[in-house]
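> Here is a sequence with its predicted model. Questions after.
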Amino acid sequence: MEQILVNGAILAANYALIALGITLIFSIMNVLNFAHGQMFMFGGLIVYWTVAQLGLPYAVGLAMAAVAVGLIGMAFEVFFFRRVMRDSTREENTMLLAVGTALLLENAALSLFGEKQRGIPPIVTGVYRIGDAFLPANRALVFGISLVLIVAILLFVTYSKTGRAMRALAQDRTATLLMGVDTARISTLGFGLGAALAGIAGGLLITVSGVNAGIGTAISTKAFIMIMIGGAGVVSGALLGAVALGFIEAFGYAYLPGSLTYLMIFVALILFLLIRPQGIMGKPWG
Amino acid sequence: MAQIDTSPPAVVQPPARSGAGRFLLVFAPLAALLLIGVPLFLGGMPYWLNVVTNACLLSFGSLGVWLTFSIGRVNIAQGAFALIGGYTVGLLTTALGLSFWVALPLAGLFAAVIGFVIGWPLLRLRGIYFAMVTLSLTEAVRLVFLNIGNLGGAGSVTNIPTPPGIASPMDFYLFAAVLLLVGYAGIWRLQESRIGGVFRSMRQNEELAASIGIDVALYRAMAFTICCFMGGIAGGAFASLQQNVYPQTYTVSDSINFMLYCFLGGLEFVLGPIVGTFALVIAFELLRAIQEYQALLYGILMIVVMLFLPNGLLSLRRLLGGRE
C-alpha cells in the first residue's frame, strides 16, 4: 500500500509538469498542443544525446533539453501559430496545425535519433526505505526536481510581471493589449515556457523508464486525460488532474492486469465527462 | 427627404447550374479516373494498385469524418469504428462462416449502432473536449480488443477469406473504387439536401439552430452515426483486403490521419477528403524513394500545405482563379 502511494506521488509530480505545460499553452494561446507528447519525447532524447553521446553531466543535459524544446516551442508560435491564427477561417485550423507540428517533431526525431528505445543510467544510486515502501534515490531526485519546478512555475505565474501578463492574456487578449502589454512577446514566451516544461519532464523521465521516438502520442493522450479531468486552461485543474491520474495509474497497475488499467481510466473518464463536461475546475466549453 | 431605393440590386446572376449538373461535373471525371484511368495505368503494377485500393478505402472513411466536420466537431474516433468494422467482418466471416457481402453491411450497421449509443451523450461536448474524448475513445476501443485477446478471446482474426466473386487485386480495387463513388454520391446528396443545410447551421451556431426548432441532439447524432457507419464499412473492407485484423490495425495515429485527410483536402468541399487522402497516401509512397528522410519530408510537406493553403488543397483552384 505504501509502495503504491509512493509510486503514485512520483508519477503525479512528473505528470504535473506535463499538465502545467499544456495548460499554460492552452490558456494563453487557446491552442490544444497536440505536439506536447512529442516535445516531451524530444526533451528526453536531447538529454540522452548530451549525456550518453557527448558525455556531458546530466544537469547540462536537462538545461539543454529545456532550452532547446523551449526554443522549438517559441519558433512554432512565431512562424506557424501566429500566422495561422491570423489567417484561419475556421477555429479547427490551429488544432490541426498542432497535429501537423506533432507529426513534424515525431518524424524529425525518427530521422535524427532513430526508433530505438533510449535511456541513460540513473543519476544517483541507492534506495531509501519509507515504511514498507522502497524509493530508489533516482526517483526521489526526479520527484524533488519536479516539485521544485512546479512551485517555481506557480510563483512565477502568480507574482512576476511576465507571469501576471500571461494570466491577463488568458483572461482577455484585447484588454491585455489595451493595457500596453506586448501580447505577441508574451504569447511567444508562454508557448516557449509550456514547451520547455514538456522537455524537462521528458528529460527527467528518461532516467527512469527511457524514451523512444514513438512515445509522443501516448504522452499527449495522458496530458489530455489530465486536463479533461481537471478542466482545460485552469492551473489548479491541471495539478488536480495530474494527481488524480498519477494515483489512479499507480493503483491500477498494482491491482489490475496490464492494459486493463487504461481501459478502465478511459471508461471512467467518458462517464465522468457526461456528468461534468468541463472537468472539475473548468469553465463550461473551455 | 431621402428616397428609399427599392429597385433590386443590379447584380447579374451567373447562370446557376442545376444541382445534378454540378454533381456530374465532379463525379464523371472522378468516376472516369477511378474506373478507367487507374486500371489502365496501374493494372500492371500490383504494388501501386494496392496503394490506390487502400487510398479508396481510407477516403471512404474520411468522407464520414468530413460529415462530422460539417457539424463543427473534430472527430478523432474514426479509427475506433474502423477497428470495430474490421473485427465484425473478421469474426462473422471466419467464426460464423457468413459471406463477406452479408458481413460488410452488418459491420457498418454494428459500428453505426455503437456510434449512435456512444455518440448521443458524447456529442454534448464541443471543441477541444470533443476532440480529446474521441481521441480517448480510439485508444479505449483498441484496449478493449487487446484485453479480449489477453482474457483468452479472439485478440486478432487471421485468415479472413477474400470476398466471394473477387478473384484478383484488380477486382478488389474496382470494388473499393465503386464503394468510394457510392459514398461520394451519398455524401454529396446529403449535404445538398435540407439535412445538409441543418448540419451547416449547427456548425455556425448550435443554440441558434436549436432556437428555430431544429432537434440539434438528433441531427448531430445522425451525422456521427453515418460517420461511424462509413468507418465500419471502410475497416471491414480493409480487414478483408489484408485478410487479418489486430488491435494495432487502427491506432490513435490512424484516427488523426482520417481527420488530417479531410482537412488537407479542404473542409468546404465534399471532394476534399478524397483529394486529401489520395494526395497524402501517394505523397508518402513517392517519398519512400528517399528512405530515411521520408517521414521528415512528409511532416514538412504537411506543415507547408497548412501554412500556405489553410483551407485545403482544393482551395488552390480558388487561389489560382482569383476571387469567386
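Nice, I can see it. Residues are numbered from 1 along each chain as shown, chains lettered A, B, ... in the order given.

> which ones are touching the residue nearest the centre of chain B?
Centroid-nearest residue in chain B, with Cα atoms, centre = their mean: residue B:62, separated by 1.4 Å. Neighbour list for residue B:62: B:78, B:258, B:261, B:262, B:265, B:273, B:274, B:276, B:277 [criterion: Cβ atoms under 8 Å, 6 or more residues apart in numbering or on different chains]. The C-beta positions use only the backbone N, C-alpha and C, and glycine is treated the same way.

> Quick one, grab the pLDDT at the third one.
For residue B:261, the pLDDT comes out at 89.

> Residue numbers of the stretch 101-250 of chain B in contact with chain A?
By the rule Cβ under 8 Å from any Cβ of the partner chain, the part of the stretch 101-250 of chain B lying against chain A is B:118, B:121-122, B:124-129, B:131-133, B:135-137, B:139-140, B:143-144, B:146-147, B:150.

> So which bits of the stretch 1-150 of chain A are right by chain B?
A:26, A:32, A:80, A:83-84, A:87-93, A:95-97, A:99-101, A:103-108, A:110-111.

> quick one: secondary structure of residue 167?
Assuming you mean chain A. Under DSSP: H, G, I helix; E, B strand; the rest coil, the three-state class of residue A:167 is helix.

> Correction: the question concerned chain B.
Assigned by three-state DSSP, the conformation of residue B:167 is coil.

> mind listing the helices for chain A?
Using DSSP state H, the helices of chain A run over residues A:2-29, A:36-48, A:58-75, A:82-87, A:92-113, A:137-159, A:161-171, A:173-178, A:183-205, A:216-230, A:235-255, A:260-275.

> Check those helices for me and report the most buried one.
helix A:36-48 (a mean of 30; mean count of other Cβ atoms under 10 Å in any protein chain shown).

> which other helices and strands contact that helix?
If you count contacts as 3 or more Cβ pairs under 8 Å, 6 or more residues apart in numbering or on different chains; DSSP states H and E, helix A:36-48 packs onto helix A:2-29, helix A:58-75, helix A:92-113, helix A:183-205, helix A:216-230.

> Turn those helices into CSV, including distance to residue B:196 and mean pLDDT.
What follows is the helices and strands packed on helix A:36-48, written out as CSV (distance: least, Cβ to Cβ, whole Å; pLDDT from 0 to 100):
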stretch, distance to residue B:196, mean pLDDT
helix A:2-29, 32, 90
helix A:58-75, 40, 94
helix A:92-113, 19, 86
helix A:183-205, 37, 93
helix A:216-230, 31, 90
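
> among those, which is nearest residue B:195?
Closest to residue B:195 of these is helix A:92-113 (Cβ to Cβ; 21.3 Å).

> now the closest one against helix A:2-29, angle please.
120 degrees (axes from the mean of the first three to the mean of the last three Cα atoms, to 10 degrees).

> just to revisit the earlier point, make TSV from the helices of chain A and add distance to residue B:91 to it.
Conversion of the helices of chain A to TSV gives the following (distance: least, Cβ to Cβ, whole Å):
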stretch	distance to residue B:91
helix A:2-29	37
helix A:36-48	33
helix A:58-75	45
helix A:82-87	44
helix A:92-113	32
helix A:137-159	44
helix A:161-171	49
helix A:173-178	52
helix A:183-205	39
helix A:216-230	27
helix A:235-255	29
helix A:260-275	20
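
> between those, which gets nearest to residue A:129?
helix A:2-29 (9.8 Å).

> and the closest one with helix A:161-171, angle?
Going by the same axes, to 10 degrees, helix A:2-29 makes 80 degrees with helix A:161-171.

> Packing partners of helix A:2-29?
Helices and strands touching helix A:2-29, by 3+ Cβ pairs under 8 Å, 6+ apart, are helix A:36-48, strand A:133-136, helix A:137-159, helix A:161-171, helix A:183-205, helix A:216-230, helix A:235-255.

> Select, out of these, the one closest to residue B:56.
Of the helices and strands packed on helix A:2-29, nearest to residue B:56 by Cβ to Cβ is helix A:216-230, at 26.1 Å.

> Correct me if wrong: residue B:302 contacts residue A:104.
Yes. The criterion here is Cβ atoms under 8 Å, and residue B:302 meets it with residue A:104 at 7.4 Å.

> tell me the contacts of residue 169?
Looking at chain A here, since you left the chain open. Contacts of residue A:169 were listed using Cβ under 8 Å, 6+ apart, and they are A:28, A:176, A:181, A:183, A:186, A:187, A:190.

> I was after chain B.
By Cβ under 8 Å, 6+ apart, the residues touching residue B:169 are B:46, B:49, B:50, B:53.

> rerun at 7 Å
Neighbouring residues of residue B:169 by Cβ atoms under 7 Å, 6 or more residues apart in numbering or on different chains: B:46, B:49, B:50.

> Check the burial of the first one by counting its neighbours.
To tie it back to what came earlier, the one meant is residue B:46. Using other Cβ atoms under 10 Å in any protein chain shown as the criterion, residue B:46 is surrounded by 12 other residues.

> What sits closest to it if chain neighbours are left out?
Closest residue to residue B:46 in three dimensions, ignoring its sequence neighbours and counting by Cβ to Cβ, 6 or more residues apart in numbering or on different chains: residue B:169, at 5.9 Å.

> how near is that neighbour to residue A:281?
Using Cβ to Cβ, to the nearest Å, we find residue B:169 at a distance of 55 Å from residue A:281.

> now swap in residue B:77 and tell me
26 Å.

> These two - which one has more neighbours?
A count of neighbours by other Cβ under 10 Å puts residue B:77 above the other of residue B:77 and residue A:281, at 33 against 18.

> Looks like that one contacts residue B:258 (just checking).
No. Taking contacts as Cβ atoms under 7 Å, residue B:77 lies outside contact range of residue B:258: 9.1 Å.

> residues in contact with residue B:172?
By Cβ under 7 Å, 6+ apart, the neighbours of residue B:172 are B:53, B:166, B:241.

> Make JSON lines out of those residues and add neighbour count.
Below are the contacts of residue B:172 laid out as JSON lines (neighbours: other Cβ atoms under 10 Å in any protein chain shown):
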{"residue": "B:53", "neighbour count": "23"}
{"residue": "B:166", "neighbour count": "17"}
{"residue": "B:241", "neighbour count": "21"}
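
> Closest one to chain A out of these, please.
Chain A lies nearest to residue B:53 out of the contacts of residue B:172, by Cβ to the nearest Cβ, at 24.1 Å.

> State the phi and psi torsions of that closest one.
Torsion angles at residue B:53 (phi, psi; degrees, to the nearest 10) stand at phi -60, psi -50.

> That one reaches residue B:176, doesn't it?
Yes. Applying Cβ under 7 Å, one finds residue B:53 in contact with residue B:176, separated by 4.9 Å.
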